[in-house]
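Undergrad: A structural model of the following input is requested.
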Amino acid sequence: MKYRWKLLILFLLISIVPVIGLRSFGMHNVHLMADALKEKVREARRQGAVNRLHMVISEYARTLESIREQVEMALFSQAFEAERSLAVTDSGGGSPKEDLAVPDSRNFVPRGQTPVDYSRPCFIVAPGVSALRTRDGKRRLWPVGPVYEAISRHLGEIVLWQFSALQSGLCVVYPCYRPRQAGFDPRQQPWYRSAFREKLSYWTMPYRDAATGRWVMAVSIPLRGPDHGVVGVTSLVVPLDTVIDMVSAVAGLPEGTVVLLATLGNDPHSGQVGAAVLVARRFAPEGRWSEIQVVPENRWLAAPQDGQSRLVLQDMAIRASRVRQLPYGGRSCFWAYGPLPGQGTDFVIIVPRDKMLGGGGRVIDSIDLRVRRVSYFTFVFLVVMIILAFLLALRFSRTVTRPLEALVTASRRLAQGDFDARVNIRSRDEFGDMARVFNQVGPRLKAHAQMRRDLEIAREIQQSLLPEEAPRVPGLDVAGKILYSDETGGDLFDFLCEGDIRPDQLCVVVGDVSGHGISAAILMATVRSALRVRAHSSESLATIVADVNRYFMRDVGTSGQFMTLFLVRIIRRNGRLQWVRAGHEPALLYDPSDDGMQVLKGRGLPLGVQTDTQYEESCRDFRAGQILVIGTDGISETRDPTGAYFGRGRMQEVIRRNAHRSSAEIVDAMFEAATAFRDERPQEDDLTLVVIKVVKDMAP
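TA: Below is the predicted model:
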């Protein structure tokens, strides 16, 4: 009875657990599919938002281009009429009244803080210029007044001021206003100096208008006299706040949208490159645009240390239009930006990501509802299956007691490590199938355990092939280390030809066999043995490596495996360094005396590529204080969680920082830097490094 209930429970577990597992697996996949669908919905919404912002940028850019063309065409008309009027001997339009030279403020209508009169233009004379000297210019420029008025009516709020200034110091301005600052000289204004200097149509950088305090840009063109010489400049001044208000015409932007006009520069407080905000607007919940007061605290959009923000400033520098996602005001936002006409100014539209991605929630809610229904129905089905299985188990438990007991007994033996445990059930029902499956488990577990033991033995053998300690060579500080990524690997380093046979020499080899595992370890051991036999000879390193390559080719055959190698010979009696590079990472030679970092290269294919490969031997001095670093590509190709490589630049920086330390400490510092850079990412390749430091004269 005891075994009957045990087998009854076991029968229930065998019959029900798979159903529960299948249900869990199925629901897991349903959830994965639902998450994938929801992610696709979110991605589609995000891409739709990006496309929508691209359309907004394109529409805004087309509007700006249309405004620019209108302003420039108006400027050309203004310049044409001014030049024609200046070229006429008798203007025929009568003389301007003298009071126009100093406008009467009683006729002005206020606009902002500057009184202006839209009924006429007026004249401004630079300080130190006599009225008699400008009388002829007034008479010639006065007939252009109707042109100014027509341009102002056509362009409306797009143009703030219209100027035509002569070299004589006379300037006509529309609408008529009195400059608030004393000594106003039109020839010193940005719009005059830029166009007069460039001798062509020119858009200025943004500047603050002295009369209104508003941020403006001006487009100017030189005025030429009858002799084609430059006699002055005519200009249209465009207020930037009017330009930014045009975005309100773009439909569909959500509340919380911020529109900025910004120009590149250096933040005087932090010293970082940033974008200086000139004008800012925010789309308020009540459906209108409100001005954001630009104070020193929010004037600068400095570049944080993340790549996206730096890319925004780079795009502004090259006047590119983009849509990017990065934070603003503590929220994740979409940034859409593009250049304005002129130099160094961009419009920036910042839309909160959650507001831009609004909508689409009903689709996600529908997916969640369907997943809940599937979960409910499968749960009900599972409960019914459990009840039926229990009833069937009660009825047929007697017929399954014996095979279950056999299975339980064999399972206990298997759990105790007896991989030869078997059950003798020859029925063709499910118990027979279970017995056959069970009888297959033992041999597989046994083979797997044997393979683990073989790998542990291979690792111990491979570790024993590596040098137990660095050789003690007079004048040299030598250290080497390998950090394997698997039980066995294909990296190699060894110290050769030292000792009594050739006491004046030290040979060092660093190699890397393609792949990992036992095959790579065997090939590494083969090459090591061949090098140890040949390293004591007086032949050149190139000859030794060529011979080893032929041996290696016979071993690898057509398997496709290969090995990179860097072989170094240090001759102590004359302080010479010889090396051969067979497709390996170049070594680094650092001289702290002049902070020079030399890359030791050389021509030669990896071992195992071609039988008759010829190798190039290189030679140079190896002086006191210099540090030789030889490693495998596992260090430079270590990647961080983002996929960026550690790189040779960081290796060189570690060498420079630790040049005053011992060779062993330099090796440990390099491994610590690579491990910290990798963070939680698993090690993908073996790391091998050998450091040789000349601490004093090497002569024996």
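Undergrad: residues touching residue 199, list them.
TA: 222, 230 (C-beta atoms under 8 Å, 6 or more residues apart in numbering). (C-beta placed from N, C-alpha, C; glycine too.)
Undergrad: If you could redo that for residue 523, that was the one I meant.
TA: 490, 513, 552, 555-556, 561, 563.
Undergrad: Could you tell me how far it is located from residue 580?
TA: 19 Å (C-beta to C-beta, to the nearest Å).
Undergrad: again, but for residue 52
TA: 61 Å.
Undergrad: lowest-pLDDT helix or strand in the protein?
TA: strand 109-111 (a mean of 39; mean pLDDT, DSSP states H and E).
Undergrad: Which positions within stretch 312-332 qualify as buried?
TA: Residues of stretch 312-332 classed as buried by neighbour count (16 or more other C-beta atoms under 10 Å): 312-313, 315-316, 321-324, 326, 328.
Undergrad: ok, those residues vs residue 37, which is closest?
TA: Distance to residue 37, by C-beta to C-beta, is smallest for residue 323 among the buried residues of stretch 312-332, at 24.9 Å.
Undergrad: Just the CA coordinates for whichever strand or helix holds that closest one, please, in CSV.
TA: Using DSSP states H and E, residue 323 falls within strand 322-328. Extracted C-alpha coordinates of strand 322-328, given in CSV (Å, rounded to 0.1, in the frame of the first residue of the first chain):
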residue,chain,number,x,y,z
ARG,A,322,17.9,65.4,-37.4
VAL,A,323,15.4,63.9,-34.9
ARG,A,324,17.0,62.3,-31.8
GLN,A,325,15.8,61.1,-28.4
LEU,A,326,17.4,62.4,-25.3
PRO,A,327,16.3,64.0,-22.0
TYR,A,328,15.2,67.5,-21.4
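Undergrad: Run through the neighbouring helices and strands of it.
TA: Contacts defined by 3 or more C-beta pairs under 8 Å, 6 or more residues apart in numbering; DSSP states H and E place strand 322-328 against helix 2-87, helix 307-317, strand 331-339.
Undergrad: at 10 Å what do you get?
TA: Packed against strand 322-328 by the contact rule (3 or more C-beta pairs under 10 Å, 6 or more residues apart in numbering; DSSP states H and E) you find helix 2-87, helix 307-317, strand 331-339, strand 345-352, helix 353-356.
Undergrad: between that strand and helix 307-317, how many degrees?
TA: Strand 322-328 runs at 130 degrees relative to helix 307-317, counting by axes from the mean of the first three to the mean of the last three C-alpha atoms, to 10 degrees.
Undergrad: who's in contact with strand 322-328?
TA: Identification of contacts with strand 322-328 by C-beta atoms under 10 Å, 6 or more residues apart in numbering yields 46, 49-54, 56-57, 258, 260, 301, 304, 306-309, 311-312, 314-316, 332-338, 348-353, 356.
Undergrad: 7 Å instead, please
TA: Residues from elsewhere that reach strand 322-328 (C-beta atoms under 7 Å, 6 or more residues apart in numbering): 50, 53-54, 308-309, 311-312, 315, 332-337, 350, 353.
Undergrad: and stretch 536-552, what's its mean pLDDT?
TA: Here stretch 536-552 scores 86 as its mean pLDDT.
Undergrad: May I see the buried residues of that stretch?
TA: The neighbour-count check on stretch 536-552 (16+ other C-beta under 10 Å) flags 541-542, 544-549, 551-552 as buried.
Undergrad: just checking, residue 159 touches residue 235?
TA: No. Counting by C-beta atoms under 7 Å, residue 159 stays clear of residue 235, with 10.0 Å between them.
Undergrad: now the strands: where do they sit in the stretch 101-250 of the chain?
TA: Assigned by DSSP state E, counting those that start in this stretch, the stretch 101-250 of the chain shows strands spanning 109-111, 114-117, 122-125, 161-166, 170-174, 176-177, 202-203, 207-208, 215-224, 230-239.
Undergrad: how about those, which one is nearest residue 378?
TA: Among the strands of the stretch 101-250 of the chain, the nearest to residue 378 by C-beta to C-beta is strand 215-224 (64.3 Å).
Undergrad: now that closest one, how far from the chain's geometric center?
TA: On the basis of C-alpha atoms, centre = their mean, to the nearest Å, strand 215-224 is displaced by 40 Å from the centre of the chain it belongs to.
Undergrad: Likewise for stretch 599-608?
TA: Offset of stretch 599-608 from its chain centre (C-alpha atoms, centre = their mean): 33 Å.
Undergrad: buried stuff in it?
TA: Here stretch 599-608 shows 600, 602, 604, 606-608 as buried, counting by 16+ other C-beta under 10 Å.
Undergrad: Need the distance between the two termini of that stretch.
TA: Start and end residues of stretch 599-608 are separated by 25 Å (C-alpha to C-alpha, to the nearest Å).
Undergrad: Show me the contact partners of it.
TA: Residues outside stretch 599-608 that contact it (C-beta under 7 Å, 6+ apart): 527, 548-549, 552-553, 556, 561-565, 579-583, 586-589, 613, 615-616, 618.
Undergrad: buried subset of those?
TA: Buried positions within the contacts of stretch 599-608, assessed by neighbour count (16+ other C-beta under 10 Å), are 527, 548-549, 552-553, 556, 561-565, 579-583, 586-589, 613, 615.
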